[in-house]
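Asks: for reference, the sequence and a predicted model appear below.
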Amino acid sequence: MRYLVTFFWAFLLTQMVNFILNSLAGGGPLNFWIGVVLAVAITLAVFILDGLTKISADTNAGDEH
């Protein structure tokens, strides 16, 4: 569920940035798919970083005496 929410916000924010940058560049045709590709890339980056930074659930595993 959190990855779906991450994609939702990444999609909204990249579409907003895409629109603003397009408007600043002269207002040509808006390319919808650039925002979608960036949103997917951001979601995948978050998914990978989440997997790489998982902390072990057993924090006392090395403290046994």
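Replies: On my side now, so go ahead. Numbers count the residues shown, from 1 in each chain.
Asks: from here on, just use CA atoms for contacts and neighbour counts.
Replies: OK.
Asks: okay, now residue 18: neighbour count?
Replies: 19 (other C-alpha atoms under 10 Å).
Asks: and residue 46, how far is that from residue 8?
Replies: Going from residue 46 to residue 8 by C-alpha to C-alpha, to the nearest Å gives 13 Å.
Asks: got the CA positions of the helix or strand encompassing residue 37 in CSV?
Replies: In this assignment (DSSP states H and E), residue 37 forms part of helix 32-52. Presented in CSV, the C-alpha positions along helix 32-52 are these (Å, rounded to 0.1, in the frame of the first residue of the first chain):
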residue,chain,number,x,y,z
PHE,A,32,2.2,13.2,-20.4
TRP,A,33,4.5,10.1,-20.5
ILE,A,34,7.6,11.9,-19.2
GLY,A,35,5.9,12.4,-15.9
VAL,A,36,4.7,8.8,-15.8
VAL,A,37,8.2,7.5,-16.5
LEU,A,38,9.7,9.7,-13.8
ALA,A,39,7.1,8.6,-11.3
VAL,A,40,7.8,4.9,-12.0
ALA,A,41,11.6,5.6,-11.7
ILE,A,42,11.1,7.4,-8.3
THR,A,43,8.8,4.6,-7.1
LEU,A,44,11.4,2.0,-8.0
ALA,A,45,14.2,4.0,-6.4
VAL,A,46,12.1,4.2,-3.1
PHE,A,47,11.4,0.5,-3.4
ILE,A,48,15.1,-0.3,-3.8
LEU,A,49,16.3,2.0,-1.1
ASP,A,50,13.7,0.6,1.3
GLY,A,51,15.0,-2.9,0.6
LEU,A,52,18.6,-1.8,1.1
